[in-house]
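>>> what would the 3D arrangement of this be:
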Amino acid sequence: MKTTASIIFFILLLILAGCNTSIDQEKEETASVVEGALNSNEKAGEDAGNISFYLPFGAKIEKESPYNIIISKSSDTFILFTNPQEDKDSELLYKMAINDKESLVKHGTFKEDNLLGYYVIKELPDTEEYELTVGVGGTKVTTQSEMKDLADNAEMMMKIAASVKHN
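Numbers count the residues shown, from 1 in each chain. Have a look, this model is predicted:
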């Protein structure tokens, strides 16, 4: 009886260790793709509100206002927010995003030229999803994401944020 319980306990430990490794790997990959996409040079070909920006293939604008654009792609929803008063090296939106320390999973910044790129991953209560925010200075893109989609979403979101141009 003790042997069976020990074996079951050991298997559960292996499963839990595998889950922790997955989120750790996904966090590191997310950080890497965000940094790599900061200077992606995607063309700002879509106009909405007071801005022009890159809209990935398969994505569409659902709703727009001067500073918020709701974008959908597949079953995911993304919110693009921009504050034209903040420069591309501003830390204001990043500092606001990391204000709630309890839910933070990982966050970081990257500086290149006159750009401050950042990402913030937060746990969402009562769900297995995460809140992902990616931005450049006074522009950010936010979504809710499953763990397996964090890096892919972060790369696309950084391409959008880095492409924003105020009209």
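>>> quick check: which element contains the nearest residue to residue 40 once chain neighbours are set aside?
Spatial nearest neighbour of residue 40, chain neighbours left out: residue 159 (4.8 Å); criterion: CB to CB, 6 or more residues apart in numbering. No exception for glycine: its C-beta is placed from N, CA and C like everyone else's. Taking DSSP states H and E as the criterion, residue 159 maps to helix 150-163.
>>> centre of the chain to stretch 146-154, how far?
Here the centre of stretch 146-154 is set off from its chain's centre by 8 Å, with CA atoms, centre = their mean, to the nearest Å.
>>> how much space between the nearest residue to residue 148 once chain neighbours are set aside and residue 67?
Leaving aside its sequence neighbours, residue 148 sits nearest to residue 26 (CB to CB, 6+ apart; 7.2 Å). Distance from residue 26 to residue 67, counting by CB to CB, to the nearest Å: 30 Å.
>>> compare those two (neighbour count), which wins?
residue 26 (23 against 15; other CB atoms under 10 Å).
>>> so the residue nearest to residue 148 makes contact with residue 145?
No - applying CB atoms under 8 Å, one finds residue 26 not in contact with residue 145, separated by 9.7 Å.
>>> mind listing the strands for this structure?
Under the criterion DSSP state E, the chain contains strands at 46-48, 51-53, 59-64, 68-73, 76-82, 104-112, 115-123, 129-136, 139-146, 165-166.
>>> packing partners of the second one?
This points to strand 51-53. With contacts defined as 3 or more CB pairs under 8 Å, 6 or more residues apart in numbering; DSSP states H and E, the packing partners of strand 51-53 are helix 150-163, strand 165-166.
>>> what angle separates the first one from strand 68-73?
In this case it means helix 150-163. Taking axes from the mean of the first three to the mean of the last three CA atoms, to 10 degrees, one finds that helix 150-163 is oriented at 140 degrees with respect to strand 68-73.
>>> oh, and call the first residue 20 from now on, that's how I've got it
Taking 20 as the first residue, the last one we looked at is helix 169-182.
>>> can you give me the angle helix 169-182 makes with strand 158-165?
170 degrees.
>>> list the helices and strands helix 169-182 packs on?
For helix 169-182, the packing partners by 3+ CB pairs under 8 Å, 6+ apart are helix 21-56, strand 70-72, strand 95-101, strand 134-142, strand 148-155, strand 158-165.
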